[in-house]
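[1] Predicted model, plus sequence, below.
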Amino acid sequence: SSAEIGHMVVALDGERCDCDRHGCLQSVASGPATLRRAAARRGGEVGFDDLRAGLDGREPWAVAAVEESCRALAAAVVSLGEILDPALAIVGGGFAAGLPGFVPLVAQRARRAGRPGRPAPPVRPAALGGLSSLHGAVELARDLTGTSAPARPVPIA
């Protein structure tokens, strides 16, 4: 099996993850986890558009929920930087792409957590936003099979 950064533990006392462990990155920083936290702080249902509007209005419930996600992602970036020394950390997915300022906040938190002689890697948004994983998988499949892109979309029945 391959490594899954989403299951790297960033909060030992964190929420239970879908994998049944507590404190995995995705249990803290995923879109659904952030929306659950925002709803708990707001005291009612929160959808993505509500969260984005709350952030725009600097509502404390929205800011706090997103800040916690950004801190967890920054912790993962810094930790992986210590182990793997990547040149760059890419944050993708529709949730991150849909919240203006999300990736820059992760980058800021990661920079602050770096240490002398070992700064955190720079953090950038995925070039293809929320569809980066899908496009990357398609490109990898094409490379592995030696095929090129179809001239027009192929309908899937």
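    The structure has been received and is ready for your questions.

[2] Can you report how many residues neighbour residue 127?
    9 (other CB atoms under 10 Å). To be clear about C-beta, it is placed using only N, CA and C from the backbone, and glycine gets the same treatment.

[3] For the protein, which helix extends over the most residues?
    helix 60-84 (DSSP state H).

[4] elements contacting that one?
    Judged by 3 or more CB pairs under 8 Å, 6 or more residues apart in numbering; DSSP states H and E, the packing partners of helix 60-84 are helix 25-29, helix 31-42, helix 48-56, strand 89-91, helix 102-113.

[5] Nearest the middle, which residue of the protein would you pick?
    Central residue of the chain (CA atoms, centre = their mean): residue 91, 5.3 Å from the mean position.

[6] Give me whichever of the helices and strands packed on helix 60-84 is most buried.
    helix 25-29 (a mean of 24; mean count of other CB atoms under 10 Å).

[7] List the contacts of the nearest residue to residue 125 once chain neighbours are set aside.
    Spatial nearest neighbour of residue 125, chain neighbours left out: residue 103 (4.3 Å); criterion: CB to CB, 6 or more residues apart in numbering. Residues near residue 103 by CB atoms under 8 Å, 6 or more residues apart in numbering: 91, 96, 123-125.

[8] What degree of burial does the residue nearest to residue 112 when sequence neighbours are not counted show, as a neighbour count?
    Nearest non-adjacent residue to residue 112, counting by CB to CB, 6+ apart: residue 74, 7.8 Å away. Around residue 74 there are 25 other residues, counting by other CB under 10 Å.

[9] What separation do you get for residue 74 and residue 146?
    Per CB to CB, to the nearest Å, residue 74 is found 39 Å from residue 146.

[10] Could you do residue 27 as well?
    39 Å.

[11] same question, residue 112
    For residue 112, the distance to residue 146 - CB to CB - is 45 Å.

[12] now swap in residue 4 and tell me
    Distance from residue 4 to residue 146, by CB to CB: 28 Å.

[13] more neighbours, these two?
    residue 4 (11 against 6).

[14] for the chain, which spans come out with low pLDDT?
    1-3, 129-143, 147-157 (pLDDT under 70).
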